[in-house]
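Participant: Dropping a prediction and its sequence here:
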Amino acid sequence: GIQVEQSPPDLILQEGANSTLRCNFSDSVNNLQWFHQNPWGQLINLFYIPSGTKQNGRLSATTVATERYSLLYISSSQTTDSGVYFCAVEYGETSGSRLTFGEGTQLTVNP
Amino acid sequence: DSGVTQTPKHLITATGQRVTLRCSPRSGDLSVYWYQQSLDQGLQFLIQYYNGEERAKGNILERFSAQQFPDLHSELNLSSLELGDSALYFCASSPRPGAGGWQETQYFGPGTRLLVL
């Protein structure tokens, strides 16, 4: 099956700093999503981005499908950005769909 | 709030028991997906239903089963529970099957936290 690798596994920032999270995948994908799992366990959709660039406030994402990677940028980080960030991809299904998740990046933003 | 609801939020039970987790998709969504998040396996896809029919299957144990009802809600049944089944179980939904040209966002519910003692 497809491999999804996220880096770095852990990231500690001071409030106000910027960061870049990376997701590499081993095969062509139909769908790529970024999620934020908050400390209460909720999975929050950030971006649906199989290709191209999107921005939402302080967050933006870029997927370069031909090179099989995606980047999530967080600018001016806040303590509420803390949690785990997951990249998930969907590929190859003919009749249904499934997301394959990376292992996540644990982000801690200190005040 | 994603619009996907899951009940119960928390469940504590004993080994060997059977439990049922319930999911209501977003209004208008026909696909329902189940995922398991455990400490050792990470987030894993279990199964997908679209409009009542099974569409995709992951590494779902034989002790686990699911179904989607005519009103589109779904239930995940876990039986002969073991300690290792303790996990956070997520349901997600999307409007269409998600296959081929129908790529689309999956929206996740808040999860059911299962603890098997």
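Facilitator: Arrived safely. Numbers count the residues shown, from 1 in each chain, chains lettered A, B, ... in the order given.
Participant: Would you map the strands across chain B?
Facilitator: Assigned by DSSP state E, chain B shows strands spanning B:5-7, B:10-13, B:19-24, B:31-38, B:42-50, B:53-57, B:64-68, B:74-78, B:87-94, B:107-108, B:112-116.
Participant: what's the answer for chain A, then?
Facilitator: A:4-7, A:10-14, A:19-25, A:31-37, A:43-48, A:52-56, A:59-64, A:69-74, A:83-90, A:100-101, A:105-110.
Participant: close to chain B, is the third one?
Facilitator: Right, strand A:19-25. No: Strand A:19-25 lies apart from chain B when judged by CB under 8 Å from any CB of the partner chain; the minimum separation is 13.6 Å. Every residue, glycine included, has its C-beta placed from N, CA and C.
Participant: partners of that strand, with directions?
Facilitator: Applying DSSP bridges, strand A:19-25 is found paired with strand A:4-7 (antiparallel), strand A:69-74 (antiparallel).
Participant: Got the confidence number for the residue nearest the centre of chain B?
Facilitator: Note on chain B: the residue nearest the mean C-alpha position is B:Trp34, at 2.6 Å, using CA atoms, centre = their mean. Looking at B:Trp34, its pLDDT reads 98.
Participant: and of the strands of chain B, who's closest to chain A?
Facilitator: strand B:53-57 (3.0 Å; CB to the nearest CB).
Participant: How much space separates the residue of chain A positioned farthest from its centre from A:Thr105?
Facilitator: When distances to the mean C-alpha position of chain A are computed (CA atoms, centre = their mean), the maximum falls on A:Ser95, with 25.6 Å. Using CB to CB, to the nearest Å, A:Ser95 is found at 32 Å from A:Thr105.
Participant: Also B:Gln68?
Facilitator: Using CB to CB, B:Gln68 is found at 33 Å from A:Thr105.
Participant: and what of A:His36?
Facilitator: 10 Å.
Participant: what is in contact with the two at once?
Facilitator: A:84-85 (CB atoms under 8 Å, 6 or more residues apart in numbering or on different chains).
Participant: show me where pLDDT drops low in the chain?
Facilitator: Because you didn't say which chain, this covers chain A. Along chain A, the model assigns pLDDT under 70 to residues A:93-94.
Participant: Can you look at chain B instead?
Facilitator: B:97-103.
Participant: who in it is up against chain A?
Facilitator: Close to chain A, as judged by CB under 8 Å from any CB, chain B has residues B:2, B:31, B:33, B:35, B:42-45, B:48, B:50, B:55-56, B:58, B:88, B:90, B:92, B:94, B:97-100, B:102-108, B:110-111, B:113.
Participant: So among those, which ones count as buried?
Facilitator: Taking 16 or more other CB atoms under 10 Å in any protein chain shown as the criterion, what is buried in the residues of chain B next to chain A is B:2, B:31, B:33, B:35, B:43-45, B:48, B:50, B:55-56, B:58, B:88, B:90, B:92, B:94, B:97-99, B:103-108, B:110-111, B:113.
Participant: hang on, the earlier thing: isn't the residue farthest from the centre of chain A right up against B:Ala56?
Facilitator: Yes: with contacts counted by CB atoms under 8 Å, A:Ser95 reaches B:Ala56, the gap being 7.0 Å.
Participant: before we move on, the earlier item: next, format the strands of chain A as TSV and append mean neighbour count.
Facilitator: As requested, the strands of chain A are exported to TSV (neighbours: other CB atoms under 10 Å in any protein chain shown):
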stretch	mean neighbour count
strand A:4-7	18
strand A:10-14	14
strand A:19-25	19
strand A:31-37	23
strand A:43-48	19
strand A:52-56	12
strand A:59-64	18
strand A:69-74	20
strand A:83-90	25
strand A:100-101	21
strand A:105-110	17
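Participant: Done for today, thanks.
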